[in-house]
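Engineer: Predicted coordinates and the sequence they were generated for:
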Amino acid sequence: MSTAFTFSIKRIRFDEHYRPAENTRTTTNFANLARGQRRQENLRNTLTMIDNRFNALAHWDNPKGDRYNVELEIISVEMNMDAEHRDTALPLIEILQTTIVDRKTSERIEGIVGNNFSSYVRDYDFSVLLLGHNKNQQGFSTPDDFGELHGKLFKHFVNSSTYKEHFKKPPVICLSVSSSKTYQRTENQHPVLGTEYQQDEYSLTDEYFRKMGLKVRYFMPANSVAPLAFYFAGDLLGDYTNLELISTISTMDTFQKIYRPEIYNANSAAGRSYQPSLNHQDYSLTRIVYDREERSQLAIEQGRFVEEHFIKPYQTVLEQWSAQYAL
């Protein structure tokens, strides 16, 4: 049963000329940036921020701070429900792949795949299923088996021959820390990832990613003002080179400054004990236009889309596959 679903991958360059495809999820952070009158300026400024951040972190043998630039590709993953009929392909997730261009050596270095993470089924889980479950309840709770199907689908993709043909290493997803948790600074320092933070209790997002087979660690890189959450499968510090890690930090630190300026573009850095807050007022805005409220609304709309076109029509097939699924 585990071989019933197969995957296909589409790539599109994320640069100043990027325009979202018709079937691209409009809640994806990169699609949101590429809309409106200032779309090209938005994209150009975002990519400049990423390159500047990369060179600031990769400062050795880089006296002018311009040795590297980062190229980004949007990886769109479709899942084929029936290997005999390709027209049953459904959009599953979108992630980013980084490529590092070394201008000094003219070398192109494969970076990390993952980074940003966007998923139709996750939109359904958080924006439809979870909201509906808690609508008339006094306390907050999660439905039975919350995130189980999504986690199995993700693991099935990462362990598929399709993934292994396209990518050399497991994915690393880098997200904002949770505003509902408090993080404590540790004495652990990494030369690239920076200062490690820990927390006593995992967030709902942490638990959701755990079901995807991913562990989490929190690091605040040099010249950042808040820790980032890194989700990974193996050994975050041992499996990836410094340049690979910097490609993720520079990309996602830039995105978070745009999406979560209250946290990642705050005017003061996280202290020994830190609780993020989207109500924080002492922060600076980037020159990049981003509509967070619209994105929240679209998450609900697209969660309903996946309920109508994926969850309900294939409910029996999905339940049977999930019950028998094993790595």
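Structural biologist: Perfect, I can see it now. Fair warning: this is a prediction, and the values are worked out from it, not measured in the lab.
Engineer: Going by C-alpha atoms from here, please, whenever you check contacts or count neighbours.
Structural biologist: Noted.
Engineer: what about the residue nearest to Arg185 when sequence neighbours are not counted, is that helix, strand or coil?
Structural biologist: Distances taken as Cα to Cα, 6 or more residues apart in numbering put Tyr197 closest to Arg185, at 4.4 Å, once the chain neighbours are dropped. With DSSP: H, G, I helix; E, B strand; the rest coil as the basis, the three-state label of Tyr197 is strand.
Engineer: again, but for the one 3 residues further on
Structural biologist: Asp200 carries the three-state label coil when classified by three-state DSSP.
Engineer: so where's the stretch 151-300 of the chain shaky on pLDDT?
Structural biologist: Under the criterion of pLDDT under 70, the regions of the stretch 151-300 of the chain flagged as low confidence span 289-296.
Engineer: residue ranges of the helices in it, please?
Structural biologist: Residue ranges of the helices in the stretch 151-300 of the chain, as given by DSSP state H, counting those that start in this stretch, are 161-166, 204-210, 242-259, 261-264, 292-306.
Engineer: quick one, which of those is packed in tightest?
Structural biologist: Of all these, helix 261-264 has the most neighbours on average by mean count of other Cα atoms under 10 Å, namely a mean of 24.
Engineer: How far does it sit from its chain's centre?
Structural biologist: Averaged C-alpha coordinates place helix 261-264 at 17 Å from its chain's average position (Cα atoms, centre = their mean, to the nearest Å).
Engineer: still on that earlier bit, hey, what's the residue nearest to Arg185 bridged with?
Structural biologist: The residues paired with Tyr197 through beta bridges, assigned by DSSP bridges, are Arg185, Tyr218.
Engineer: Could I get the contacting residues of it?
Structural biologist: Applying Cα atoms under 8 Å, 6 or more residues apart in numbering, one finds that Tyr197 lies in contact with Tyr183, Gln184, Arg185, Thr186, Arg217, Tyr218, Phe219, Met220, Pro227.
Engineer: can you check Arg44 too?
Structural biologist: For Arg44, counting by Cα under 8 Å, 6+ apart, the contacting residues are Asp15, Glu16.
Engineer: what residues does stretch 121-129 touch?
Structural biologist: Contacts with stretch 121-129, where a contact means Cα under 8 Å, 6+ apart, come from Leu92, Pro143, Phe146, Gly147, His150, Ala299, Ile300, Gln302, Gly303, Arg304, Val306, Glu307.
Engineer: in it, what counts as buried?
Structural biologist: Neighbour counts using 16 or more other Cα atoms under 10 Å place Val121, Arg122, Asp123, Tyr124, Asp125, Phe126, Ser127, Val128, Leu129 of stretch 121-129 among the buried residues.
Engineer: for stretch 275-282, same thing?
Structural biologist: By 16+ other Cα under 10 Å, the buried positions in stretch 275-282 come out as Gln275, Pro276.
Engineer: And the strands in the chain, which stretches?
Structural biologist: Listed from the start of the chain, the chain has strands (DSSP state E) covering 6-14, 68-80, 89-102, 107-119, 172-176, 183-190, 194-198, 215-220, 228-232, 273-274.
Engineer: okay, the helices of the stretch 151-300 of the chain in TSV with distance to Gln281 next?
Structural biologist: Output for these, formatted as TSV (distance: least, Cα to Cα, whole Å):
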stretch	distance to Gln281
helix 161-166	42
helix 204-210	25
helix 242-259	14
helix 261-264	7
helix 292-306	16
